[in-house]
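> Quick one: sequence plus predicted model below, questions after.
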Amino acid sequence: MTGPARLHVRGHGLPDGGPVEWWIHDGVLSAEPIPGADTVFDGGWVIPGLVDAHCHVGLGPGGAVPHDEAVAQARTERDAGALLLRDAGSPVDTRSFDDREDLPRIIRAGRHLARPKRYLPGLPIDVADESDLPAYVTAQARFGDGWVKLVGDWIDRGVGDLTPLWSDDVLRAAIAAAHAEGARVTAHVFGEDALPGLITAGIDCIEHGTGITDDVIDLMLEHDTALVPTLVNIENFPGIADAASKYPTYAAHMRDLYAKCPTRIGAAHEAGVRIYAGTDAGGMIAHGRIGDEVAALRGIGMDPTAALGAACWDARAWLGRPGLSHGASADLLCFTADPREAGALDRPDLVILRGVPYRGQ
C-alpha cells in the first residue's frame with residue numbers, strides 16, 4: 001500500500017534496548033526531525049528488516065517456478081519481515097526484481113555449481129570436468145551479487161552415500177578465483193567428509209553443516225568460516241532417509257546427521273563460530289519462515305538477543321548491508337511485543353520497506 005512521504009516511528013531498539021526515534025522521507029532514514037512527519041508507530045520495538053540468509057526466490061518443490069509465483073514468494077518474505085534475502089542459488093534470474101520497490105532486496109549467488117548427476121535435476125550448472133570449476137566460479141561471481149554457491153557434497157549413487165564433489169586443489173583454485181572477483185563462496189554440505197577441504201581452501205561460509213565435528217569447528221574458527229545451518233530444513237532429513245530405501249547406508253547417515261545436529265550446531269555456537277539465520281525456503285520449505293529459524297537457533301543454545309541478531313543486525317553487517325542508520329534505506333519492522341519473545345517475531349505490527357509501510361502478518 002502507498003504511504004505518506006514523511007513518516008515518524010519511535011520505540012526501543014535492539015540489541016541494547018535503548019530508545020530510538022526515526023524520521024523517514026523519500027525512503028531514507030533520518031536521525032533529525034522532519035517537519036510534518038506522520039507518526040505511524042509509537043512505543044514497542046523498532047528493528048532493522050530481517051534477513052533470510054539462505055532463501056531461493058524462484059524455486060518451488062518441483063523446481064523453477066513462473067515469474068508471478070516468484071513475485072508472490074518475495075511478497076511472502078516481505079510480509080514476514082524478511083526485507084533482505086541472500087538467494088543461495090536459483091535457476092531463475094530474478095534480477096528484474098531489483099526494479100520492484102515493493103519486493104525485498106536480494107543478494108544473489110547465481111546458479112549452483114555441481115558435478116553431473118550430483119545434485120537435484122535442473123537446479124545446478126553441471127561442471128563435467130572439475131578442472132573447469134575456477135572458470136565457472138568466475139562467471140557466476142560476475143553474474144551474482146558477491147556470492148558463489150558450490151554443491152560440496154551429495155549422494156554418490158555408485159558409493160551409496162554422501163561424498164565430496166571436488167578435490168582439494170580444485171577448491172583452492174576455485175575459491176581463489178571468486179575472491180579475485182571480489183566475491184565470497186559458500187557451499188551446500190550435509191556430511192562430514194567434504195568440510196575440511198572446503199574450509200582449508202578458504203571458503204567463506206558453510207550451508208547446513210550437519211557434519212560439523214569438533215575438529216571442523218576448530219578449522220572454522222581458524223579460517224573464520226561462517227555457518228548458516230538452515231535448521232528448519234534439517235527437519236526434513238528423516239523423510240529424506242525414508243525415501244532412500246535403495247541406499248541404506250545413505251539413509252542411515254542422514255538419520256545420524258539429523259540426530260546429532262542440535263548438539264553439533266550448539267557446539268559450534270558455544271565455540272564462537274559465526275552463525276546466521278537462513279531457512280532454505282523455496283524447495284521443501286515454505287517462504288516466510290524466518291521466525292521459525294530464529295526460534296530453532298534459540299533451541300540450539302543461542303540466547304534470544306543473539307538468535308534475533310543472527311537474522312537481523314548481525315546478518316546485515318555480515319552481508320555488508322546497513323541496519324538503522326542516518327541516510328540508510330528505511331527498511332524496518334515495528335513490534336508492540338518484544339520480538340525476542342516466543343512467537344512475537346512472526347507478528348510485526350508494521351513492515352516498512354524503502355520507506356513505504358505495509359501491514360504485518
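Sure, I can see it.

> ok, residue 325 touching residue 22?
No - look at residue 325 against residue 22 with Cβ atoms under 8 Å: they stay out of range, at 9.7 Å. C-beta coordinates here come from the backbone N, C-alpha and C atoms, glycine included.

> Please say which of those two ends up with more neighbours.
Ranked by neighbour count (other Cβ atoms under 10 Å), residue 325 and residue 22 place residue 22 first, with 24 against 11.

> That one is in contact with residue 9, isn't it?
Yes - using Cβ under 8 Å, residue 22 makes contact with residue 9 at a distance of 5.4 Å.

> Who are the contact partners of residue 334?
Applying Cβ atoms under 8 Å, 6 or more residues apart in numbering to residue 334 gives the contacts 9, 11, 41, 44, 45, 46, 348, 349, 350, 352.

> cutoff 10 Å now
Residues touching residue 334, when contacts are defined by Cβ atoms under 10 Å, 6 or more residues apart in numbering, comprise 9-11, 40-47, 81, 348-352, 357, 360.

> Of these, which belong to helices?
Within those, membership in helices is found for no residue, as judged by DSSP state H.

> from memory residue 131 sits against residue 173, does it?
Yes - with contact taken as Cβ atoms under 10 Å, residue 131 and residue 173 are classed as touching, separated by 8.5 Å.

> Would you mind telling me which of those two has the busier surroundings?
Comparing residue 131 with residue 173 by neighbour count (other Cβ under 10 Å), the higher total belongs to residue 173, at 16 against 12.

> pLDDT wise, what is that one at?
Reading off the per-residue confidence, residue 173 sits at a pLDDT of 98.

> got it, and the one 4 residues further on?
At residue 177, the predicted lDDT confidence score is 98.

> From residue 201, how far off is it?
Distance check for residue 177 against residue 201: by Cβ to Cβ, to the nearest Å, it reads 11 Å.

> Overlap in contacts, residue 131 and residue 173.
With Cβ under 10 Å, 6+ apart, residue 131 and residue 173 have common neighbours residue 167.

> can you tell me how far the nearest residue to residue 126 once chain neighbours are set aside sits from residue 297?
Across the structure, with Cβ to Cβ, 6 or more residues apart in numbering as the measure, the residue nearest residue 126 apart from its sequence neighbours is residue 116 (4.5 Å). To residue 297, residue 116 is 35 Å away according to Cβ to Cβ.
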